[in-house]
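> From the sequence below, what's the structure:
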Amino acid sequence: RTEFPGRKLLARLLIILDAFPGVALLIPYIFLLTFLKMTNKLSGVMLLCVGTYLPGAVWLMKGFFDNINWDMEWASIVDGASRFRQIMTISLPSIMPTVVIMLVLECGKLLSVGYEKTLLLQNSANNSVADIISTFAYRVGMSQGMYSFGTAVDLTAVINCLMVFVVNKISQRVSETSLW
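Below you'll find the predicted structure:
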């Protein structure tokens, strides 16, 4: 809602970044992490997660803020409220139900790491430390032919569904906003 130079360019860049699948960006990620000397470090993983999810999250939040009633904001400006006060008393309470719903839905992805990147970046040098539940289930289940064991190991989807139910029930009791 705030006008600043380069606003349209930034919006277009966010859309373009969000349009690329994460696997297509693996080589640029590797080059970036190598240049920043962040390979095999937690800070490198954190940078990848933020870089992957931030464009979509910013674009989604922009849509939420665009739907806030302008009349309420103009009334607060006339009353002498600062920009910070507008955000705290008008914007955040207006989008809070949507934020709660998004929190419930994101808790369903809590244990979903995105095994594609890990699987594609694994090699003999980092295999002992780069194994996660999904890649372990793939390696044991598909490569070694133990399909039932691989399926039993990778039951993170069941835990994710339980997380959605639990967080939804908590949000229903705390904020009276829920999925169902």
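
> mind showing which ranges of the chain have poor pLDDT?
Scanning the chain for pLDDT under 70 picks out 1-2, 22, 113.

> which stretches of it form strands?
For the chain, strands defined by DSSP state E do not occur.

> Which helix runs longest in it?
Longest among the helix segments of the chain by residue count, using DSSP state H, is helix 42-66.

> residues making contact with that one?
Contacts with helix 42-66, where a contact means Cβ atoms under 8 Å, 6 or more residues apart in numbering, come from 1, 11, 13-15, 17-18, 22, 25, 29, 33, 36, 38, 91, 95, 98-99, 102, 114, 117. Where you see a C-beta, it was placed from the backbone N, CA and C, and this is true even at glycine.

> what about the helices in this protein?
7-19, 26-35, 42-66, 70-78, 83-86, 92-107, 115-121, 127-130, 133-138, 147-153, 156-175.

> In contact with F136: list those residues for me.
V153.

> Now do it against A157, distance only.
Going from F136 to A157 by Cβ to Cβ, to the nearest Å gives 15 Å.

> now F4
42 Å.

> One more: N123?
Remark: distance between N123 and A157 (Cβ to Cβ) = 27 Å.

> Could you do F149 as well?
Relative to A157, and taking Cβ to Cβ, F149 is found at 16 Å.
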